[in-house]
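A.B. asks: The following comprises the amino acid sequence and a computationally predicted model.
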Amino acid sequence: MISELFSATVLIGIIASGIRLATPYLYAAIGETFGQRSGVLNLGVEGQMLLGAFAAFYVAFTTGNLWLGLLAAAVVGALMGLAMAFVSVTLHAEQGISGIGFYLFGLGVSDLLFQRMLGTVETVNGFQPIYIRGLSDLPVLGRILFSQNILVYGAFVLVPIAWFVLNKTTLGLKIRAVGENPQAADSLGVSVNRVRYFTVTLGGVLSGIAGASLSIALLNVFQQNLTSGLGFIAVALVYFGGWRPAGVLLGALLFSMVNSLQLWVQVLGIPVPSDIAVMMPYVLTIVALILTVQRVRSPSALSKPFQREG
Amino acid sequence: MSSKIKWIVPLLLIAMLTACGGGGGAEEEEGVFRVAVIMPSAINDLAFSQSMYDALIATQEEMGGPESMELVYSESMFVVDDAAAAIRDYASQGYDLVIAHGSQYGSSLREIAPDFPETSFAHGTTVDTFVDEGIENVFAYDAASDQGGYVNGVIAGLLTESNVIGVIGPIETGDAKLYVDGFVAGVASVNPEAVVNVNYIGSFSDVALATEAANTHIAAGADVLTGSAQMVVGAIGVAEANGVYWLGTQSSQTSLAPSIVVANQVYDWTVVLDQIIELNRAGTYGGTAYRITLENEGLVIDFNPDLDLPADVQAAANDTIQGIIDGSITVDIGE
């Protein structure tokens, strides 16, 4: 039975599943990376995802237009991000606690709206896998890489873009400066608050889209607490990835692949108790975190509100 | 800015949220039977909580509407401590019957029930009424979900052409495990060749993982799927997209994918509620454990009227239901 794990069907299955599972983590964790690199820890990602998922689902369900749904998720995410920025940047609130507050807000409000506006679990016809002539027919690679929906591709395209913006642009330089030494950045004329407002709002937009990738692309339903902790794992992946987009990608893929591996382990009837199997991705992530945290340093000003001295 | 403000904003946010929850209670009126229920998930989860909510609404209708039976509920009580507080609140507001719809609330009931001897409590799915501990006002209820699982298994075993069938479960325990074990036995009874792949995802709420589990089953060749608990809603969509049959349990899931849902084992708790209410009015506040079965019509196999099931499969399903009711078929799940 163990040998079945290495058959082509299973390996393709594991990778294709892993890529799909990694999608919401990538959007949310890349968004969070921007925020944390500028010094803002946002634990409200899960709440932003839930509201984004609901907004996308509701708009797509009522209008039949998936792109409008995606837009709605981005707008709702942006508003949540702005609110978080107001609380953490302008009001200097303790970031961990206010993030939890926003999580609970998103959890409660998305459920309330779901009950009032939909009333029951409905389905939408979400983004379909894209068929690319030639590429989708390739053996193995075709089924892994070229038969996913647009939001899956979007998540993977986002990674190099985020790397480029953070490392090769003036904006990225400002973001990093603000996260490492806001006093110095401020004295050089960089508006710390404006940069942080931008990154936290951007994080909200991406978290909203992460929610949409679930509700109108991968799962095509909305249910109370649809995200079920994914947003918190996304925050953990930022630490795991050492605040770098490539690291986040690696972490998201590793976690998701191990998760799809454990699905296959059970499906193939390999005698591992299900409780042990479902623990695998978490245990592995904790081990990897322990190994990585020792060598990567977090942004110096992370979770410290900025106040001008004097 | 003062350091106090830092804390006030998030605290306000949290306070706003807590203020949103909680329901009010009316003064007790003569003749009105007052029921309060604590749900672990949403009342419209198309699964466990909805099965109880639908039964309560049906019972309310039977009794003559809200004038005869008052119904209040607290849903999404996944934190057991919060649920315990709600149970105590309802009991002290003088509700006649307080239902804690989940076996996880059992230890809270054991603590609270003795303080309110005139109130009936009920919880499930379990068989434990604590009567052996001297507590006389707790009812228990349970579902013989292996029976409907067996029927669904027979249907699946006859429908499969690939001889691979996939099962998505939450956590390997309770009525979900019972359902899955019954399902596996049902498949084996008609199609010993078929392989049933069982996948417990370790969660009642992770829709994303349950959905990917469905993808995994289909990649492994499954052409009939089933699953238990409220996180399977996305998996049903995957089944539909791939033209794979789905068999439901707990509530009717036909509305999610009318083209592929074959049949659902529906929990109908009205038989239990009727008896509890009757006993309560006669002055017995607890002590009995109920079990819904196909025989007492607490379990109903609800076929999708819009799906053309082959006549022989339909006949085999009907025979199986009849056989379980008259005892000629026993569901052997090898415990």
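C.D. replies: Great, that's in hand.
A.B. asks: Now the residue of the stretch 201-335 of chain B found nearest chain A. Nearest residue, chain neighbours left out?
C.D. replies: Closest approach between the stretch 201-335 of chain B and chain A, counting by C-beta to the nearest C-beta: B:Gly202, at 3.1 Å. Backbone N, C-alpha and C define where each C-beta goes, glycine included. Nearest residue to B:Gly202 in three dimensions, chain neighbours excluded: A:Val278, at 3.1 Å (C-beta to C-beta, 6 or more residues apart in numbering or on different chains).
A.B. asks: Am I right that that neighbour sits in a strand?
C.D. replies: No: going by DSSP: H, G, I helix; E, B strand; the rest coil, the assignment for A:Val278 is helix, not a strand.
A.B. asks: which residues touch it?
C.D. replies: A:262, B:200-203 (C-beta atoms under 8 Å, 6 or more residues apart in numbering or on different chains).
A.B. asks: do A:Thr33 as well
C.D. replies: A:Thr33 makes contacts with A:162, A:166, A:238, A:241, A:243-245, A:248, as judged by C-beta under 8 Å, 6+ apart.
A.B. asks: Kindly present these as a markdown table, with separate columns for distance to A:Lys174.
C.D. replies: Shown next, in a markdown table, are the contacts of A:Thr33 (distance: C-beta to C-beta, whole Å):
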| residue | distance to A:Lys174 |
| --- | --- |
| A:Ala162 | 15 |
| A:Leu166 | 10 |
| A:Val238 | 19 |
| A:Gly241 | 21 |
| A:Trp243 | 16 |
| A:Arg244 | 17 |
| A:Pro245 | 17 |
| A:Val248 | 20 |
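A.B. asks: Take those residues and write them to CSV, including pLDDT.
C.D. replies: Output for the contacts of A:Thr33, formatted as CSV (pLDDT from 0 to 100):
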residue, pLDDT
A:Ala162, 98
A:Leu166, 97
A:Val238, 94
A:Gly241, 91
A:Trp243, 94
A:Arg244, 94
A:Pro245, 97
A:Val248, 95
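A.B. asks: Which of the contacts of A:Val278 has the largest number of neighbours?
C.D. replies: For these, the largest number of neighbours (other C-beta atoms under 10 Å in any protein chain shown) sits with B:Ile201, at 30 neighbours.
A.B. asks: Can you verify my assumption that that one contacts B:Glu172?
C.D. replies: No: in this structure, B:Ile201 is not within contact of B:Glu172 by C-beta atoms under 8 Å, at 10.4 Å.
A.B. asks: pLDDT below threshold where in the stretch 101-250 of chain A?
C.D. replies: Low-confidence segments of the stretch 101-250 of chain A, defined by pLDDT under 70: none present.
A.B. asks: Can you tell me which residues in it are near chain B?
C.D. replies: A:101-102, A:104-105, A:108, A:111-112, A:114-115, A:119-123, A:214, A:218-221, A:223-230 (C-beta under 8 Å from any C-beta of the partner chain).
A.B. asks: rewinding a little: going by distance to B:Val127, which of the contacts of A:Val278 wins?
C.D. replies: B:Tyr200 (22.6 Å; C-beta to C-beta).
A.B. asks: how near is the residue nearest to the closest one when sequence neighbours are not counted to A:Met280?
C.D. replies: Leaving aside its sequence neighbours, B:Tyr200 sits nearest to A:Ser274 (C-beta to C-beta, 6+ apart; 3.7 Å). To A:Met280, A:Ser274 is 11 Å away according to C-beta to C-beta, to the nearest Å.
A.B. asks: mind listing what's buried in stretch A:186-204?
C.D. replies: Buried residues in stretch A:186-204, counted by 16 or more other C-beta atoms under 10 Å in any protein chain shown: A:186, A:190, A:192-193, A:195-204.
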